[in-house]
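K.L.:
quick check, what structure comes out for this input:
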Amino acid sequence: MPLIVQKYGGSSVSDADKIKHVAARALESQAAGNEVLVVVSAMGDTTDELLDLASSVTTETQGNRELDILLTAGERISMSLLAMAIKEQGGKAMSFTGYQAGISTDSEHGSARIWKIDPSRIQEALKEGNIVVVAGFQGFSFENGDTTTLGRGGSDTTAVALAAALKAEVCEIYSDVDGVYTADPRIVPRAHKLAQIDLDSMLELSSSGAKILFIRAVEFARRHRVPLRVRSTFSADPGTLVYSSKDGEEMEEPVVSGVATDNTQSKITVIGLPDRPGKAAEVFQIVAEAGANIDMIVQNVSTTENHLSDISFTLPHNDRHKVVEALKAKQSEVGFESISYDDEIGKLSIVGAGMKTSSGVSAKLFGSLAKAGINIEMISTSEIRISVVTRADQLKEATRIVHTAFELDAAETAVIYAGSGR
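P.N.:
Residues are numbered from 1 along each chain as shown. Here you go, the predicted structure:
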């Protein structure tokens, strides 16, 4: 029997009625002749509520052992309730924590990476006719056996990793919209659903801020050639197929597949840095030691007699404070004049595999923004992506303008079935 892995997010299991609905969908898939493994997130805003609770008793609310144990409680609630609902509807089900499912990780609390999966208990349960329900977002350290969490989008990663380990026919990611859209339908109501998109374009969209699929899950799918389908929990729409480019070599790629936005970044500028070999390396070594991931980088050419330059880079809001403090602590050693930061920026990206062979894409992007009076502060490109930084308060308007400029608007408004939570 083919195996289907289904992942349901927090909005899909946010209350008892929705859990019953998910149980019925899983039983439907099993009745169609499939083995079914379901990965679930915590109910609704449970994870945020647990984080709030933790912050009321401690200031250490990132990446520690006790916090990981606390946060995995949310998924354990979802998995057990769903297994109960499946049984109540006449099916057989068994629920598993990350540990019971054999998901072994490194020991990096809060952002652990999967090291190995031993799916033997899952395979045994499937052979016995059970729908297997696995708690997403969690595993256990192979070094010390401690409970770990996989970080942002961890349930997506759990689902794709299990699909790879079990050689599943497909991994279906369920949410509150019908698939992957050309833009976030909450920002662009006339965004249209894509019937399919290649994994490389999906990877760029995810890394640029699209929240429908998380980047680690897409990376895992590309590495292990796991077919993905993004669907809605609340409709029968077939959703969006996310395919490997090798599987779709005869398909004509769209010039622009979608527009992604990210309003979760800050910009830091190191001012008056000596324009000598090795100085940029010193700056980014400090950033690396602070544990921050940077995105876009721009260095101004030295134009003064003193041979000084400025370097600006973007990084997540949450990392801005520690990076600024780390740079200030090494200011005299590195020799730069000052440092500034800006939390009011937004990033807009256009992505499309067809950009590799099409001209005029940059001109259309910059031209449409210029006509709307939207200033561009930074630019970054890859073979199939162009990203720009603008003011945060202009990001939504810029997204709608660019979406229209590339003729991506649909005739009808996109349907959002539930809420995405906090």
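K.L.:
burial check on residue 345, number of neighbours?
P.N.:
A count of nearby residues for residue 345, using other Cβ atoms under 10 Å, gives 21. Every residue, glycine included, has its C-beta placed from N, CA and C.
K.L.:
quickly list what it is bridged to.
P.N.:
residue 391 (DSSP bridges).
K.L.:
distance of it relative to residue 239?
P.N.:
Residue 345 sits 33 Å away from residue 239, going by Cβ to Cβ, to the nearest Å.
K.L.:
how about residue 202?
P.N.:
13 Å.
K.L.:
one more: residue 342?
P.N.:
38 Å.
K.L.:
the two: who's more crowded?
P.N.:
Comparing residue 342 with residue 239 by other Cβ under 10 Å, the one with more neighbours is residue 239, at 24 against 17.
K.L.:
skipping adjacent residues, who's closest to that one in space?
P.N.:
residue 231 (3.4 Å; Cβ to Cβ, 6 or more residues apart in numbering).
K.L.:
how near is that neighbour to residue 133?
P.N.:
The spacing between residue 231 and residue 133, counted by Cβ to Cβ, is 18 Å.
K.L.:
just say helix, strand or coil for residue 59.
P.N.:
coil (DSSP: H, G, I helix; E, B strand; the rest coil).
K.L.:
again with residue 226
P.N.:
coil.
K.L.:
that one touches residue 165, doesn't it?
P.N.:
No. With contacts counted by Cβ atoms under 8 Å, residue 226 stays clear of residue 165, the gap being 9.9 Å.
K.L.:
the more surrounded of these two?
P.N.:
residue 226 (25 against 21).
K.L.:
list the residues that contact that one.
P.N.:
160, 163-164, 168, 171, 220 (Cβ atoms under 8 Å, 6 or more residues apart in numbering).
K.L.:
please flag which of these sit within strands.
P.N.:
residue 171 (DSSP state E).
K.L.:
quick check: which of the contacts of residue 226 has the minimum pLDDT.
P.N.:
Lowest pLDDT of the contacts of residue 226: residue 220, 91.
K.L.:
what about that one, neighbour count?
P.N.:
Neighbours of residue 220 (other Cβ under 10 Å): 22.
K.L.:
how far off centre is stretch 20-37?
P.N.:
Chain-centre distance of stretch 20-37: 26 Å, with Cα atoms, centre = their mean, to the nearest Å.
K.L.:
what does stretch 355-364 give?
P.N.:
26 Å.
K.L.:
same question for stretch 164-180.
P.N.:
Per Cα atoms, centre = their mean, the centroid offset for stretch 164-180 relative to its chain is 14 Å.
K.L.:
again, but for stretch 375-387
P.N.:
Using Cα atoms, centre = their mean, the mean C-alpha position of stretch 375-387 is found 20 Å from that of the whole chain.
K.L.:
likewise stretch 211-220?
P.N.:
5 Å.
K.L.:
stretch 13-25 now?
P.N.:
The answer for stretch 13-25 is 24 Å, by Cα atoms, centre = their mean.
K.L.:
likewise stretch 27-41?
P.N.:
With Cα atoms, centre = their mean, you get 24 Å for stretch 27-41.
K.L.:
just stretch 62-70 next, same as before
P.N.:
21 Å.
K.L.:
other residues contacting that stretch?
P.N.:
By Cβ under 8 Å, 6+ apart, stretch 62-70 touches 50, 53-54, 60-61, 108-111, 138, 146-149.
K.L.:
identify the residues contacting the residue nearest to residue 54 when sequence neighbours are not counted.
P.N.:
Nearest residue to residue 54, sequence neighbours excluded (Cβ to Cβ, 6+ apart): residue 61, at 5.1 Å. By Cβ under 8 Å, 6+ apart, the residues touching residue 61 are 51, 54-55, 67.
K.L.:
thinking again about what came up before, highest neighbour count among the contacts of stretch 62-70?
P.N.:
Ranking the contacts of stretch 62-70 using other Cβ under 10 Å puts residue 148 first, with 33 neighbours.
K.L.:
quick one: contacts for that residue?
P.N.:
Going by Cβ under 8 Å, 6+ apart, residue 148 touches 68, 98, 105-109, 112, 138-141.
K.L.:
quick check: bridge partners of it?
P.N.:
The partner residues for residue 148, given DSSP bridges, come to residue 139.
K.L.:
break down the stretch 151-300 of the chain into its helices, ranges please.
P.N.:
154-165, 199-207, 215-224, 279-289 (DSSP state H, counting those that start in this stretch).
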